[in-house]
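J.: only geometry, no sequence info:
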């Protein structure tokens, strides 16, 4: 073989091997990196539509978005329905929270899973579809769930959210996205004994440092606390400012459904 041909083949083989190695390194790096940035899901339960809408007016300067998990949809007035549709149009998620707001675990224990779906889930979905509310997520009333319920509702929803908190250390909490449609939220209503701003800050810091998505829930946003199941607008502003200042992202429960890796 002539020296010039040999030299050309050697250079070509070296280039090919180098390209393959670089592709392998890039592939390994991509597979180990999470396909999302650190962030927070802010979700709200029940039917405090007027208060949700008012909070949206205050917090939209942060370009926030949230999941509003709504119950008793056929008992909501026309002005409130208009506000829900406006919030959905603005990029927020309207999710399900039960037609009657039954405690799912207790109802199933007394009446069976089929009756629960017939009385609590199917009429909720039918009414919300009729009202042009696009529901793909469900938050369990009172946060209680079971394996039987999860398996049955997985056929109807992309995301199912309960509530769970140990109030100990962030790494032991179940309120971070785990690449599954079954998830839990940390409740930030001020009446809960586990809630405090310092611990909320720990949860947010952990999400930022570990590139995780923190899932939070509350009920009624207010300026001043007067009852249980309320969260101060001031607290929500604290969260929104933290997210913006630390280059984190606002997610909805719907967004998490799109992040789940398909097997």
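T.: Yep, it's here. Every value quoted in this text rests on a predicted model; they were computed, and no experiment measured them.

J.: longest strand in this protein, please.
T.: strand 39-46 (DSSP state E).

J.: how far is that strand from where the chain is centred?
T.: On the basis of Cα atoms, centre = their mean, to the nearest Å, strand 39-46 sits 6 Å off its chain's mean C-alpha point.

J.: what's downstream of it, the next helix or strand?
T.: Per DSSP states H and E, the first helix or strand lying C-terminal to strand 39-46 is helix 49-59.

J.: does anything pack onto that next one? Which helices or strands?
T.: When contacts are defined as 3 or more Cβ pairs under 8 Å, 6 or more residues apart in numbering; DSSP states H and E, helix 49-59 packs onto strand 67-70, helix 78-89, strand 220-222, helix 233-245. C-beta: built from backbone N, CA, C; applies to glycine.

J.: let's see 7 Å
T.: If you count contacts as 3 or more Cβ pairs under 7 Å, 6 or more residues apart in numbering; DSSP states H and E, helix 49-59 packs onto helix 78-89, strand 220-222, helix 233-245.

J.: pull out the buried residues from the following helix or strand past the last one.
T.: With elements assigned by DSSP H and E, the helix or strand that comes after helix 233-245 is strand 249-251. Going by neighbour count (16 or more other Cβ atoms under 10 Å), the buried part of strand 249-251 is 250-251.

J.: list the pairing partners of strand 249-251 within its sheet, with orientation.
T.: strand 39-46 (parallel) (DSSP bridges).

J.: the partner strand to helix 233-245, inter-axis angle?
T.: 160 degrees (axes from the mean of the first three to the mean of the last three Cα atoms, to 10 degrees).

J.: outside of stretch 149-156 itself, list whatever touches it.
T.: 104, 108, 113, 117, 121, 125, 138, 160, 181-182 (Cβ atoms under 7 Å, 6 or more residues apart in numbering).

J.: of the residues you listed, which belong to helices?
T.: Those of the contacts of stretch 149-156 mapping onto helices are 104, 108, 113, 125, per DSSP state H.

J.: by neighbours, which of the residues you listed wins?
T.: residue 104 (27 neighbours; other Cβ atoms under 10 Å).

J.: you'd agree that residue is up against residue 140?
T.: Yes - Residue 104 is within contact range of residue 140, at 5.5 Å (criterion: Cβ atoms under 7 Å).

J.: so where's the stretch 151-263 of the chain uncertain?
T.: By pLDDT under 70, the weakly predicted segments of the stretch 151-263 of the chain are 167, 262-263.

J.: what do you get if the cut-off is 90, keeping everything else the same?
T.: Applying pLDDT under 90 to the stretch 151-263 of the chain flags the ranges 163-173, 190-195, 261-263.

J.: would you map the strands across it?
T.: In the stretch 151-263 of the chain, the strands defined using DSSP state E, counting those that start in this stretch lie at 159-163, 182-187, 213-218, 220-222, 230-232, 249-251.

J.: most packed of those strands?
T.: Among those, the stretch with the highest mean neighbour count (mean count of other Cβ atoms under 10 Å) is strand 213-218, at a mean of 26.

J.: which neighbouring elements make contact with that one?
T.: Looks like strand 213-218 contacts strand 39-46, strand 182-187, helix 197-210 (3+ Cβ pairs under 7 Å, 6+ apart).

J.: not counting its own residues, what contacts that strand?
T.: Contact partners of strand 213-218, identified using Cβ under 7 Å, 6+ apart, comprise 36, 38-45, 161, 163, 175-177, 183-189, 203-204, 207, 231, 251, 256.

J.: what about the stretch 1-150 of the chain, any weak spots by pLDDT?
T.: If you take pLDDT under 90 as the line, the stretch 1-150 of the chain has these spans: 1-36.

J.: hmm, back to that, can you tell me which two in the ones in helices among the contacts of stretch 149-156 are farthest apart?
T.: Farthest pair in the ones in helices among the contacts of stretch 149-156 (Cβ to Cβ) is 108 and 125. Separation: 17.7 Å.
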